[in-house]
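J.: mind looking at a prediction? Sequence and model below.
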2 protein chains.
Amino acid sequence: LTFASLRGNMQPELSKKLFKLIKTENHVIGAYENASRERLSVASQLSDWGEATADDAVSDLSDKLGVLLSEIGEQEDAFAQNLEDYRGILKQIRNTESSVQPSRDHKAKITDEIQKLKYKDPQSTKLVQLEQELVRAEAENLVAEAQLTNITRQKLKEAYDMHFAATIERAEKQIILSRHGRRLLNLLDDTPIVPGDARPAFEYERQARQILNDAEEELREWQPNLEPVESSAMM
Amino acid sequence: LTFASLRGNMQPELSKKLFKLIKTENHVIGAYENASRERLSVASQLSDWGEATADDAVSDLSDKLGVLLSEIGEQEDAFAQNLEDYRGILKQIRNTESSVQPSRDHKAKITDEIQKLKYKDPQSTKLVQLEQELVRAEAENLVAEAQLTNITRQKLKEAYDMHFAATIERAEKQIILSRHGRRLLNLLDDTPIVPGDARPAFEYERQARQILNDAEEELREWQPNLEPVESSAMM
C-alpha cells in the first residue's frame, strides 16, 4: 500500500472511479511530456550528427529537419498541456460527486434510523421528528442529485470536446510539419557515387530555407476547423 | 558511469553521435508505448465510470467514447512500432559508420609511420613497402567512403520518409476518430434539469452505434496520400 493508493481509498465511493481515471490520465500526460523532451533531444542530436558528417547537403538538411522535428516535439508538449486542461474539467465532475456523497449518506442514515425505531419502539415520539428530518434530507438530496446530473453531462461534453479538439490540433499541425519535412528530403540527392568521385556542391540552401518559412507560415495561419459540440447548459 | 554509457564510449568516434541519437529515439518509443498503455486504461475506466453513474445516456455514450479512445490509444502503439522500423534504418547508417572507422584509422596509421620513418631513417627500404601499403589502404578507404556517403544519404531519406509517413498516418487516423467522437458528444443532452425532474430516456443508442460503425469503416478505408520522397539509389 502506497500513500497514493491510500488517498484513493479515502475517496467517497461515488467519486472513486473518476478519481482513478484522473490519476491514470496524469500518467498519460507524463508520457507525452517525456516524448516531447526526448524528441527535442533527438532533433538537436540529428543536427549535430549532420554537421559532423562534413557533407554539406546532409549538414544543411539535417539541421533543417531538426528544426521541423523540434516543432513536432513542441506539439507533443502543447498537447500534454491541453490534456491537463481537459483533466481539470473532469475534476469538476469528481468534486461534485464527492460533495453529493454526504447528502446520499445522510438520507440513508435517517431512513435506516426510522426503520430501526419502528421495530424497537413504534410509539416513540422521536419518529415524528425523524420523519421531518427525512423530508428535509430528501429535498436537499434532490437538489444535490440534480446538480450532479447537470454538472456530469455538461462537463463530460466540455471535457471530451476539449480532448478531441486537442487531438485534432496536434494532428493537423504535425501533418503540416511532416509534409514540409518530406519536401526537405526531396532536396537530398542520393544518387550513388563511385569511389573517388566527389559529391557536387549542395545548391538548395535557399529552397530548404524557403520550406522552413512555408512551414512556419502555414503553422501560424492554422485555425481550428471543427464541427461544434453544442451545449444546452447555461451555467 | 553506467554500463550503458560505457558501451557508448566504446563506439568508434565516427558512429558515436548516431549511436546516442538511436538510444534517445528508444526513449521516445518507450514514451509512446506508455502513452498507449495508459490511454487504453483510461478508456476502459471511462466506460466503467459511465456504467456506475446509472444514467443511461452517460452509460451508453461513455462506453462508446471509450471504444474510440481505445482506438486512439492503439494508434499511439502502432506509431511506436513504426518508429522502431525507422530506428532500424538509422542503425544501418550507424553500422556503416562503424565499419568505415578502421579503414580511416588504417590509412592514418600508415601515413603516420611513413612520416616517422622519413625523419628517423630516410634511406630505409621499408619506406617503399609502406608506400605500397598506403596506396592499397587509400584505395580501400576510397571504396569505404563512397559506401558511407551512399548509405548515409539513401538511408537518411528512407528513415525520415518513414518517420514523417508514420506521423501523418497517426495524425490522419486520430483525426477520423476524434471527429466521430465529437459526433457522439452531440448525442448527449446537457439541458439542466430542476430538482425532482427525471431525465427523459436515452433515445440515440442506434445513432451512437452508427457513429462507431462509420468510424470503423472510415478507418478501414484509410489510405496513405503522400507526396513521394524520390530516391535515385538503386541498391
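T.: Thanks, I have the structure now.
J.: distance from stretch A:22-29 to the middle of the chain?
T.: The chain centroid and the centroid of stretch A:22-29 are separated by 8 Å under C-alpha atoms, centre = their mean, to the nearest Å.
J.: just stretch A:177-197 next, same as before
T.: Counting by C-alpha atoms, centre = their mean, stretch A:177-197 is centred 37 Å from the centre of its parent chain.
J.: all helices of chain A, in order?
T.: Taking DSSP state H as the criterion, chain A carries its helices at A:3-9, A:16-52, A:56-120, A:126-185, A:205-220.
J.: residue contacts, the one residue sitting closest to the centre of chain A?
T.: For chain A, residue A:83 is the residue whose C-alpha lies nearest the centre (C-alpha atoms, centre = their mean; 1.7 Å). Residue A:83 makes contact with A:25, A:28, A:29, A:32, A:163, A:166, according to C-beta atoms under 8 Å, 6 or more residues apart in numbering or on different chains. From N, CA and C alone the C-beta is placed, and that goes for glycine too.
J.: just the pLDDT for residue A:6.
T.: Listed pLDDT for residue A:6 reads 51.
J.: can you check the one 10 residues further on too?
T.: Looking at residue A:16, its pLDDT reads 95.
J.: what do you get for residue A:110?
T.: Predicted confidence (pLDDT) for residue A:110: 96.
J.: can you check residue A:12 too?
T.: 86.
J.: hang on, the earlier thing: residue B:132: which of the helices of chain A is closest?
T.: helix A:16-52 (32.3 Å; C-beta to C-beta).
J.: who are the packing partners of that closest one?
T.: Counting by 3 or more C-beta pairs under 8 Å, 6 or more residues apart in numbering or on different chains; DSSP states H and E, the packing neighbours recorded for helix A:16-52 are helix A:3-9, helix A:56-120, helix B:16-52.
J.: now, of those, which is deepest in the fold?
T.: Of all these, helix B:16-52 has the most neighbours on average by mean count of other C-beta atoms under 10 Å in any protein chain shown, namely a mean of 20.
J.: could you check the angle helix B:126-185 makes with that helix?
T.: Calculated by axes from the mean of the first three to the mean of the last three C-alpha atoms, to 10 degrees, helix B:16-52 forms an angle of 20 degrees with helix B:126-185.
J.: please state the offset of helix B:16-52 from the chain centre?
T.: Offset of helix B:16-52 from its chain centre (C-alpha atoms, centre = their mean): 13 Å.
J.: stretch A:136-145 too?
T.: Worked out by C-alpha atoms, centre = their mean, stretch A:136-145 lies 34 Å from the chain centre.
J.: follow-up on the earlier one: distance to residue B:183 for the helices and strands packed on helix A:16-52 - can I get that in JSON lines?
T.: Output for those, formatted as JSON lines (distance: least, C-beta to C-beta, whole Å):
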{"stretch": "helix A:3-9", "distance to residue B:183": "34"}
{"stretch": "helix A:56-120", "distance to residue B:183": "18"}
{"stretch": "helix B:16-52", "distance to residue B:183": "17"}
